[in-house]
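Trainee: Have a look at this fold, sequence not included:
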């Protein structure tokens, strides 16, 4: 009998899930001579599956560490706007030509310079699919230099306490 994990949607503190991913990648970043900078707004609550959210963040961080040279700075921030939680992961690496940014979210797409590095071309496309599945918006932008991934989710509206 094969068992599959079913998504568990609950109110999750987005910052906590991102911090768990950073703990996983701290030593990898240090070993590869990358620097990770983090900035988190407190108490940002969204409705999501915590495991899928972690997978999303880990995929993007992993891509950043694999596809940028040593001494690259990867910044990660979680902020709040009026009605959204924003996750931004950006680097100051070589980036991606603007005309190829839309292709990054396609399954199995790899830049020519990335063909000699580990991977299958699924990391960003999976992160995009998870974002859409969780009701978010996934945007890839030129960070001048580098790549910026901006992900937004609706904030979880807590019932008013009387």
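Mentor: Thanks, I have it. Computed from a predicted structure; not experimentally measured.

Trainee: contacts and neighbour counts: CA atoms only from here.
Mentor: Will do.

Trainee: could you point out which element follows the one helix or strand residue 64 maps to?
Mentor: For residue 64, the element it lies in under DSSP states H and E is helix 50-66. Per DSSP H and E, the first helix or strand lying C-terminal to helix 50-66 is strand 73-80.

Trainee: now the angle from that following strand to helix 50-66?
Mentor: When axes from the mean of the first three to the mean of the last three CA atoms, to 10 degrees is applied, the directions of strand 73-80 and helix 50-66 differ by 150 degrees.

Trainee: Quick one: residues contacting the residue positioned nearest the centre of the chain.
Mentor: Nearest to the mean C-alpha position of the chain, by CA atoms, centre = their mean, lies residue 57 at 3.4 Å. Taking CA atoms under 8 Å, 6 or more residues apart in numbering as the definition of contact, the neighbours of residue 57 are 18, 21, 127.

Trainee: pLDDT-wise, which helix or strand of the chain ranks last?
Mentor: Of all helical and strand segments in the chain, the minimum by mean pLDDT, DSSP states H and E falls on strand 9-13, at a mean of 60.

Trainee: quick one: low-confidence parts of this protein?
Mentor: In the predicted model of the chain, residues 1-14, 107-121, 157-162 satisfy pLDDT under 70.

Trainee: Could you check the helix or strand harbouring residue 151 and say which residues are buried?
Mentor: The secondary structure element spanning residue 151 is strand 147-154 (assigned by DSSP H and E). Of the residues in strand 147-154, those with enough neighbours to count as buried (16 or more other CA atoms under 10 Å) are 147, 148, 149, 150, 151, 152, 153, 154.
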